[in-house]
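Participant: Kindly generate the corresponding structure for this input.
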Amino acid sequence: MLHPEQVATYPFAGLLPEELCERIHAWEEALEEEAEEREDDEEEDHPVGYQYDLSIPPGWRAGGYASWHATDPYAMDCANCATPMDLLLTVDSSEWDGGSGSWTPLEERGLRPHPAALPTAVVAGNHGELNVFTCPTDPGHPARWSVQ
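Facilitator: Purely as a prediction, here's the structure:
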């Protein structure tokens, strides 16, 4: 049974302007310092981080942004017309993991990622994700893909 939901996603951190990356890094460091000061507060396991909690969710997705966590980002341009391609689909090996707590479905909070986060039993690459890109100019142009 599928339970799709619409979520806001943001670009992979390595593709953001350097100044914005520096601001995000400073914000994350401030959150970490606050968490260290509240060591006895058990409510918060770890502070929120851009890459794991706010940017690109794990799991199967249609559209949004591709993660480049296994390789450096590289251009996904159409081989026929050189137009930058759009992410059509992401096939992920798991729906969530230990590092992406904010994306864990509410009904699965408190469960261990294995086996709860592997409902499809589909494995892409070495337990990564397959990103399929299409040409926005002509859907007849060949798709491209990356495995992360």
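
Participant: got the CA positions of the lengthiest helix in the chain in PDB?
Facilitator: Using DSSP state H, we find that the single longest helix of the chain is helix 18-37. Extracted in PDB, the C-alpha atoms of helix 18-37 (Å, rounded to 0.1, in the frame of the first residue of the first chain):
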ATOM      1  CA  GLU A  18      29.600  29.200  -0.800                       C
ATOM      2  CA  GLU A  19      28.300  32.100   1.300                       C
ATOM      3  CA  LEU A  20      25.000  30.300   2.000                       C
ATOM      4  CA  CYS A  21      26.900  27.100   2.900                       C
ATOM      5  CA  GLU A  22      29.000  29.100   5.400                       C
ATOM      6  CA  ARG A  23      25.800  30.500   7.000                       C
ATOM      7  CA  ILE A  24      24.300  27.100   7.300                       C
ATOM      8  CA  HIS A  25      27.400  25.700   8.800                       C
ATOM      9  CA  ALA A  26      27.500  28.500  11.400                       C
ATOM     10  CA  TRP A  27      23.800  27.900  12.200                       C
ATOM     11  CA  GLU A  28      24.500  24.100  12.600                       C
ATOM     12  CA  GLU A  29      27.500  24.800  14.900                       C
ATOM     13  CA  ALA A  30      25.300  27.100  17.100                       C
ATOM     14  CA  LEU A  31      22.700  24.400  17.400                       C
ATOM     15  CA  GLU A  32      25.300  21.800  18.400                       C
ATOM     16  CA  GLU A  33      26.700  24.200  21.100                       C
ATOM     17  CA  GLU A  34      23.200  24.700  22.400                       C
ATOM     18  CA  ALA A  35      22.600  20.900  22.500                       C
ATOM     19  CA  GLU A  36      25.900  20.400  24.400                       C
ATOM     20  CA  GLU A  37      24.800  23.000  27.000                       C
END
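
Participant: Now do that helix, average pLDDT.
Facilitator: Helix 18-37 shows a mean pLDDT of 93.

Participant: Give me the pLDDT for the spatially most central residue of the chain.
Facilitator: With distances taken as Cα atoms, centre = their mean, I56 lies nearest the centre of the chain, 2.8 Å away. At I56, the model reports a pLDDT of 91.
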